[in-house]
Each structure stands twice: as structure tokens, then as C-alpha cells.
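A.B. asks: Following is a predicted model, sequence given first.
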Amino acid sequence: MDEDFIFNEHHKDEFPPAHTAEHLLNQTMMRLFGCSRSYNAHVERKKSKMSFHLDQKPSRQQEKEIERRMNELIDEDLPVTFEIATRDTLPPEVDQDRLPSDTSDAIRLVRIGDYDVCPCIGKHVRSTSQIGRFEMLGTNWDEIEKSFRVRFKIV
Ligand SMILES: [Zn+2]
């Protein structure tokens with residue numbers, strides 16, 4: 001599932017500002033909660049949602065912090081750059097386990113400032129200010145699955 005998400009879930013209508021926000025939200029969640037990148041994501045022009053496995057339900061204050069950090073990163077106008085790596089030259093931050101076993105030798109990495117780097121073949125904005133503004137629409141917590149879903153839109 002994760003593999004599909006990273007490499008294949010890139011359809012023609014992909015909206016680069018929302019997709020770039022997806023990268024930022026993944027890294028922001030990892031830093032705030034020590035979790036992994038989202039295990040399920042639907043990122044679209046109008047509304048997006050991303051789900052993460054967390055140890056416990058975030059507080060209202062933590063939820064606000066997610067939104068605050070996202071807009072701070074947008075304001076910082078971090079450059080979005082690309083590079084080609086191979087399995088042997090992957091930066092240590094990139095989780096090799098998430099690469100499909102049939103990945104070709106050349107792996108396209110997308111870097112956002114010094115904040116995030118991950119393999120991706122999608123379309124991105126050139127710098128984070130082009131995302132616009134990140135607006136959190138709401139969240140859902142599933143106590144059984146320990147799953148936290150963030151619903152957001154880019155305005
Ligand atoms: Zn991407």
C-alpha cells in the first residue's frame with residue numbers, strides 16, 4: 001500500500017500545490033509525533049485527506065500546531081528541488097523499505113529546502129509560497145486503528 005502511494009498514485013489531475021503540501025504534511029507529522037509518512041492519502045484540488053498511525057489522539061493544541069507549522073513552512077518559501085539517486089546513494093533520511101523491490105536504478109528524489117526529502121515522481125510547485133495557504137478542515141481519530149486523519153484544503 002505504501003509503495004503504491006509513493007510511486008503510483010499520481011494521476012493526471014494532480015494539483016501541484018496540494019501535492020507539495022502533502023510532502024510538507026508528511027514531514028511535519030513525522031517531526032511532531034514521531035510517526036511514519038501517511039499510510040493512506042487522497043490529495044486533490046478541492047479537498048484532501050491523509051491518514052497517519054499515531055500512538056494517541058492529538059490534542060486540540062497539537063492539531064493547531066500542525067496548521068501553524070504548515071503555514072510557517074509556506075511563508076518560508078522553501079525551494080523544491082529534484083535529484084536523481086540510486087539505491088546506493090540514497091540519503092539516510094529516505095526509508096529504503098518503502099521503495100518497491102522493482103524500483104529501477106534511478107530514483108527521483110524531491111527535496112523541500114532542508115526540511116524534507118522523499119522519492120516522488122509527481123508534480124510540485126517550485127517553492128512553498130506557491131502552495132498558498134494550508135487550511136485544516138477537520139480531523140478524525142479512530143481509537144481502534146490508532147489512525148489520525150487530517151482533512152485539509154489549499155486556498
Ligand atoms: Zn511529490
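C.D. replies: Arrived safely. Note that the coordinates shown come from a computational prediction; the quantities given were computed from them, not determined experimentally. Numbers count the residues shown, from 1 in each chain.
A.B. asks: Going by C-alpha atoms from here, please, whenever you check contacts or count neighbours.
C.D. replies: Noted.
A.B. asks: Which helix or strand contains T139?
C.D. replies: According to DSSP states H and E, T139 maps onto strand 134-142.
A.B. asks: give me phi/psi at R45?
C.D. replies: Torsion angles at R45 (phi, psi; degrees, to the nearest 10) stand at phi -60, psi -50.
A.B. asks: That one against E14, yeah?
C.D. replies: Yes: contact status for R45 versus E14: in contact at 7.4 Å, counting by CA atoms under 8 Å.
A.B. asks: And the average pLDDT for the longest helix that the chain contains is what?
C.D. replies: For the chain, the helix with the greatest residue count under DSSP state H is helix 16-33. For helix 16-33, mean pLDDT rounds to 98.
A.B. asks: Packing partners of the helix or strand just after it?
C.D. replies: Once helix 16-33 ends, the next helix or strand along the chain (criterion: DSSP H and E) is strand 40-43. Here strand 40-43 touches helix 2-7, helix 16-33, strand 48-53, going by 3 or more CA pairs under 8 Å, 6 or more residues apart in numbering; DSSP states H and E.
A.B. asks: buried sites along the strand holding T139?
C.D. replies: For strand 134-142, a neighbour-count test (16 or more other CA atoms under 10 Å) marks F134, E135, M136, T139, W141 as buried.
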